[in-house]
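S.K.: Could you work out the structure for the sequence below:
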Amino acid sequence: MKPVYMINGFLESGKTEFICYTLAQPYFQIKGKTLLIVCEEGEVEYDASLLSKSRTVMEVIQEEEEFNTSNLVELEKKHRPERIIIEYNGMWNFKNMKLPWHWNIEQQITTIDASTFSMYFTNMRSLLAEMLRKSEMIIFNRCDDVEDLGLYRRNVKAISPKADIVFEDSQGEVNQIFEDELPYNLDDPIIELDNEGYGIWYLDSMDNLERYEGKTVQFVGMVLKPSDFPKGFFVPGRMAMTCCADDMAFLGYACEYEKASLLKDRQWVKVTAKVTKEYFADYGGEGPVLKAVSVEQTRAPKEEIISFM
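M.R.: Residues are numbered from 1 along each chain as shown. Purely as a prediction, here's the structure:
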């Protein structure tokens, strides 16, 4: 299989700068040729000496219809690279992209200009979501003077929960702690989660589970009972609008409850539970597992769907 490194982002989002930085690093001075496929040309150009030093050959594809498997295979035959980097055009729908069968995406990274993120998120959310959905890393650059990075992080995490998110300004990486922006008090004996709080807790506990280990949370959720779940477990959670009305996801963690068999799918319950970190097969490793203190039947909330918009 031919390894492919996919770099996404809208025009002037920092894709070229990121690729240039990568090509210049000592760890990238590896054996074999690199094929760089550029699908749009921005203000920053690739330096010929850098390409030569890193044994990189560049090809430009400017039209979306030309980005097809036949043309890509011909480029591979022409250059015989060991690896391929694609600087993809942010205005092309990533959902429609097709690669040759033997090209395997090893890593997908999306770059975002934080100063224009709000505009793109509002007006081109579907295109942006397709870029983010399978990205392993999302880099927000130009974060100077951007105040609500916590909101940006939540917007992106809702679409791509497992992605690593990096914020950078003119001084380098922003080591911002988002704890101050949490809409609940971590020191409360029972952390009560409303609509906003539940979504933020769900996303934050993915990355910062140590904050919640041993703490007790309380929230209203819908019961989900997957058929393959072990006896004595269910998932209390909420439906969330992660991108648009057509893009919904159920957000919830496994919960151990001795009377789980008595619960019904889509039943609304008020859950009080202790947060633990345990191995769970459906996670494929360790993650948040709730230990129910109490589960009470309740009414559906006024707003059943939470949103990160």
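
S.K.: what residues does the helix or strand of the chain with the lowest mean pLDDT touch?
M.R.: Least confident helix or strand of the chain, by mean pLDDT, DSSP states H and E, is strand 172-173 with a mean of 76. Strand 172-173 has contacts (Cβ atoms under 8 Å, 6 or more residues apart in numbering) with Val166, Phe167. (Glycine included, C-beta is placed from N, CA and C.)

S.K.: chain center to it, what's the gap?
M.R.: 20 Å (Cα atoms, centre = their mean, to the nearest Å).

S.K.: beta partners of Thr111?
M.R.: Here Thr111 sits in beta bridges with Ile139, going by DSSP bridges.

S.K.: ok, it - how many residues close by?
M.R.: 27 (other Cβ atoms under 10 Å).

S.K.: got a list of what Ala260 touches?
M.R.: Lys225, Lys231, Gly232, Phe233, Phe234.

S.K.: tell me which element the closest residue to it other than its chain neighbours is part of?
M.R.: The shortest distance from Ala260 to any non-neighbouring residue, by Cβ to Cβ, 6 or more residues apart in numbering, is to Phe234 (4.5 Å). In this assignment (DSSP states H and E), Phe234 forms part of strand 233-241.

S.K.: Check Gln218 too.
M.R.: strand 216-224.

S.K.: Looking at Asn141 now. What's its pLDDT?
M.R.: On pLDDT, Asn141 comes in at 93.

S.K.: follow-up on the earlier one: could you give the bridge partners of the residue nearest to Ala260?
M.R.: Bridge pairing for Phe234 (DSSP bridges) gives the partners Cys255.

S.K.: Return the residues in contact with the residue nearest the centre of the chain.
M.R.: Geometric centre of the chain, nearest residue: Ser160, 2.4 Å, by Cα atoms, centre = their mean. Applying Cβ under 8 Å, 6+ apart to Ser160 gives the contacts Leu132, Arg133, Lys134, Ser135, Ile138.

S.K.: could the residues you listed go into a markdown table alongside pLDDT?
M.R.: A markdown table is the format used below for the contacts of Ser160 (pLDDT from 0 to 100):
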| residue | pLDDT |
| --- | --- |
| Leu132 | 91 |
| Arg133 | 87 |
| Lys134 | 88 |
| Ser135 | 94 |
| Ile138 | 96 |
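
S.K.: What is the nearest of those residues to Ser261?
M.R.: Nearest to Ser261, judged by Cβ to Cβ, of the contacts of Ser160 is Arg133 at 34.9 Å.

S.K.: my read: that closest one touches Ile159, true?
M.R.: Yes - with contacts counted by Cβ atoms under 8 Å, Arg133 reaches Ile159, the gap being 6.1 Å.

S.K.: ok, the two, which is more surrounded?
M.R.: More neighbours surround Ile159 than the other of Arg133 and Ile159, with 22 against 17 (other Cβ under 10 Å).

S.K.: contacting residues around Tyr5?
M.R.: Arg83, Ile84, Ile85, Ile86, Ile105, Glu106, Gln107, Gln108, Ile109.

S.K.: That one pairs with what?
M.R.: The partner residues for Tyr5, given DSSP bridges, come to Ile85, Gln107.

S.K.: State the distance from it to Trp201.
M.R.: To Trp201, Tyr5 is 34 Å away according to Cβ to Cβ, to the nearest Å.

S.K.: try Val38
M.R.: Val38 is 41 Å from Trp201, by Cβ to Cβ.

S.K.: Then Lys95?
M.R.: To Trp201, Lys95 is 30 Å away according to Cβ to Cβ.

S.K.: quick one, which of those two is more surrounded?
M.R.: Trp201 (23 against 11).

S.K.: Now that one: closest residue in space, sequence neighbours ignored.
M.R.: The shortest distance from Trp201 to any non-neighbouring residue, by Cβ to Cβ, 6+ apart, is to Leu193 (5.3 Å).

S.K.: and the gap between that neighbour and Asn155?
M.R.: Taking Cβ to Cβ, one finds Leu193 at 19 Å from Asn155.

S.K.: How about Trp201?
M.R.: Per Cβ to Cβ, Trp201 is found 16 Å from Asn155.
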